[in-house]
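In: Provided below are the primary sequence and the corresponding predicted coordinates.
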Amino acid sequence: MSQYNIRFAHTAYTGLAIVAVFLGITQPSLAQSSLPGVQVSQEISPVGVVAITSPDGYANEVAVRLPPGDGPFPVVILLHGGVWNRDIDSLVAQSQEGPLSTRLLAAGYGVVVGTYRTYADNSRDPGPIEDCLAIVDYLKALPQADNESIVAFGHSGGGRLVLELSGLGLRTQLAAIVVAEPATTLYAEMYPVGMRAPNAEVSTDLDKYFTDENKRILEDKVRTLSKPMLVVHSDQHQVNILNDLHLFPAIRAAGKNLETILYPGFGHSFMWGEDGVTEEAFTKLVSDLDGFFKQHVRIKPQPLSL
């Protein structure tokens, strides 16, 4: 059974009922974001820190912000990229200032900026998936989160984890998922045992690393996908080659509904307000996410009065 403890990043405000959402952050620090976040005051939506323990005893802390009021609210679970754990200070900073998290909050969604255990030395470790499930389980038990309005967003390695969650069916109770430039190298288990991730060779030398066994693993996994899905991506990073050649065709061949939106010309972390993304393109991204989420959540978000 997962366990939860709550504390507040701002001790001056202690009257908040908390909802958790799982955010993905691939940027090393907020200072690298090229676009500003929306300023949502702590009086309107204070940042809380929730400690969540997975069934195997591994504990993570996530940063949580909710719209004002009692809810229930739609909740976005955002998962960062990479294969490393993020410290709570960076998650709190992202929650306060990150362009994606704050704009979703302003649009009326609960947002938790979260993380998962490091698994660079074992890319097939099921632990990070259990960490994500523990977040979902927490939300399912939380009165302020509507059980039929929980959605998940994951980037790169976090996108891989969101795909894994979608394949778990009723265990997750997600209304929909969004994957941004997902790491199919991880999803298709392309890293040989003992190889440390990430390794650029794995995603560029497909003749060597995408074997018939990896093709079978990928096809088996996509057949289990059970949630409405949106893919957002650009055209600059090498992960898109593997996705275009193998992931997207496999999803469609399995008869799954796949919606994709291309934001050309930007780098791998454009969805965090980085890698040259323009204000116009980022505004469109947030609008596209909001529109997709609204199609699938029961409780519609109510924009905040700022």
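Out: Received the coordinates, thanks.
In: ok, and for the longest helix belonging to the chain, which residues are buried?
Out: Secondary structure of the chain per DSSP state H: the longest helix is helix 279-296. When burial is assessed from 16 or more other CB atoms under 10 Å, helix 279-296 yields the following buried residues: 281-282, 285-286, 288-290, 292-293, 296. Using the backbone N, CA and C atoms, a C-beta is placed for each residue, glycine as well.
In: In JSON lines, list those residues along with distance to residue 182.
Out: Written out in JSON lines, the entries for these read as follows (distance: CB to CB, whole Å):
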{"residue": "281", "distance to residue 182": "20"}
{"residue": "282", "distance to residue 182": "20"}
{"residue": "285", "distance to residue 182": "16"}
{"residue": "286", "distance to residue 182": "19"}
{"residue": "288", "distance to residue 182": "17"}
{"residue": "289", "distance to residue 182": "15"}
{"residue": "290", "distance to residue 182": "21"}
{"residue": "292", "distance to residue 182": "16"}
{"residue": "293", "distance to residue 182": "18"}
{"residue": "296", "distance to residue 182": "19"}
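In: how about TSV for those, with distance to residue 267 and pLDDT added?
Out: What follows is those, written out as TSV (distance: CB to CB, whole Å; pLDDT from 0 to 100):
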residue	distance to residue 267	pLDDT
281	12	96
282	13	96
285	14	98
286	18	98
288	18	98
289	19	98
290	23	98
292	22	98
293	24	98
296	28	97
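In: which regions of this protein sit below the pLDDT cut-off?
Out: Judged by pLDDT under 70, the chain has its weakly predicted residues at 1-33.
In: Please enumerate the strands of it.
Out: Per DSSP state E, the chain carries strands over the ranges 3-8, 48-53, 59-65, 73-79, 110-113, 145-155, 176-180, 229-233, 258-262.
In: Residue 103: which of those strands is closest?
Out: Each of the strands of the chain has some distance to residue 103 by CB to CB; the shortest is strand 110-113, at 9.5 Å.
In: that older thread, now render the strands of the chain as JSON lines, adding mean neighbour count and distance to residue 217.
Out: Below are the strands of the chain laid out as JSON lines (neighbours: other CB atoms under 10 Å; distance: least, CB to CB, whole Å):
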{"stretch": "strand 3-8", "mean neighbour count": "14", "distance to residue 217": "32"}
{"stretch": "strand 48-53", "mean neighbour count": "20", "distance to residue 217": "29"}
{"stretch": "strand 59-65", "mean neighbour count": "25", "distance to residue 217": "27"}
{"stretch": "strand 73-79", "mean neighbour count": "30", "distance to residue 217": "21"}
{"stretch": "strand 110-113", "mean neighbour count": "31", "distance to residue 217": "30"}
{"stretch": "strand 145-155", "mean neighbour count": "25", "distance to residue 217": "19"}
{"stretch": "strand 176-180", "mean neighbour count": "27", "distance to residue 217": "17"}
{"stretch": "strand 229-233", "mean neighbour count": "22", "distance to residue 217": "19"}
{"stretch": "strand 258-262", "mean neighbour count": "14", "distance to residue 217": "19"}
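In: Which stretch among those approaches residue 165 most closely?
Out: strand 145-155 (6.2 Å).
In: Quick check: which helices or strands does that closest one pack against?
Out: Counting by 3 or more CB pairs under 8 Å, 6 or more residues apart in numbering; DSSP states H and E, the packing neighbours recorded for strand 145-155 are strand 73-79, helix 127-140, helix 157-166, strand 176-180, helix 279-296.
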